[in-house]
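Undergrad: Sequence plus the predicted model coming up.
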Amino acid sequence: MSKLGVLISGRGSNLQAIAAAFPGEVALVLSNREQAPGLAWAAEQGIATCALPSAGREREAYDRDVVERLRAADVELVCLAGYMRLLSRVMLDAFPNLILNIHPSLLPAFPGLDATQQAIAYGVKFSGCTVHYVDQTLDGGPIIAQAVVPVIAGDTAETLAARILVEEHKLYPQAIRQALLRG
Ligand code: GAR
């Protein structure tokens with residue numbers, strides 16, 4: 001049974017999907033925002049949580065604290081689920097090829113914030129979501145899995161994001177299994 005650490009900054013719907021579908025244990029949910037709703041949800045489920053505010057912290061020093069918490073919880077694989085921070089070498093070296101991220105676009109298209117707004121503004125006919133290994137770039141790193149979602153007439157950033165989110169919740173647990181099988 002593998003132990004997952006899930007890092008969030010907000011709502012935590014992908015966290016919920018992972019916790020429901022993953023056969024291993026979510027050993028720790030850590031958030032850089034104390035008020036993240038996902039943190040309260042995890043605590044209600046009896047999952048260990050940690051609020052570690054990042055505002056004003058230097059990136060490497062902050063990541064050293066994150067690594068310490070993840071190690072203390074025996075975490076083997078780290079999943080970023082709406083964790084809105086770039087990782088430093090400190091995190092990447094501590095968990096080499098063991099950090100995954102999900103993003104609501106078909107990367108490498110539309111990295112960064114407001115990915116579905118970017119897709120609508122560009123006028124693409126298909127978007128979707130991507131789970132990838134994390135490197136030091138924004139939403140960058142080798143792709144593990146993608147799901148395609150058509151853009152339909154009248155879509156707004158919000159309606160597209162909602163349909164993509166449904167696919168995210170299926171894709172992330174599958175991609176985690178794939179990553180664990182690859183070792
Ligand atoms: C998800 O749509 C995820 O793909 C996105 O944030 C949302 C978090 O929702 N991540 C990124 O944009 C990463 N660049 P959630 O908190 O409900 O899982």
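TA: Done, it's in.
Undergrad: For the rest of this, base every contact and every neighbour count on C-alpha atoms.
TA: Will do.
Undergrad: check contacts around the residue lying closest to Leu15 once chain neighbours are set aside.
TA: In this structure, Leu15 finds its nearest non-sequential neighbour in Ala81, 6.3 Å apart by CA to CA, 6 or more residues apart in numbering. Contacts of Ala81 were listed using CA atoms under 8 Å, 6 or more residues apart in numbering, and they are Val6, Leu7, Ile8, Ser9, Gly12, Asn14, Leu15, Asn101, Ile102.
Undergrad: Next step: the residues you listed restricted to strands.
TA: Taking DSSP state E as the definition of strands, the contacts of Ala81 contribute Val6, Leu7, Ile8, Asn101, Ile102.
Undergrad: Now flag whichever of those residues is closest to Ala115.
TA: Ile102 (11.8 Å; CA to CA).
Undergrad: so who does the residue nearest to Gly10 when sequence neighbours are not counted touch?
TA: The spatially closest residue to Gly10, leaving aside those adjacent along the chain, is Ala36, at 4.4 Å (CA to CA, 6+ apart). Listed by CA under 8 Å, 6+ apart, the contact partners of Ala36 are Ile8, Ser9, Gly10, Arg11, Gly12.
Undergrad: got it, and Phe22?
TA: The contact partners of Phe22, by CA under 8 Å, 6+ apart, come to Pro173, Arg177.
Undergrad: what's the spacing between it and the ligand?
TA: Taken as CA to the nearest ligand atom, to the nearest Å, the spacing of Phe22 relative to the ligand amounts to 15 Å.
Undergrad: Would you confirm that Asp63 contacts Ser88?
TA: Yes. With contact defined as CA atoms under 8 Å, Asp63 counts as touching Ser88 (6.9 Å).
Undergrad: show me the residues around the residue lying closest to Ser54 once chain neighbours are set aside that make contact.
TA: Of all residues not flanking Ser54 in the chain, Asn32 sits nearest, at 5.2 Å (CA to CA, 6+ apart). Residues near Asn32 by CA under 8 Å, 6+ apart: Ile8, Ser9, Ala51, Leu52, Pro53, Ser54, Tyr83.
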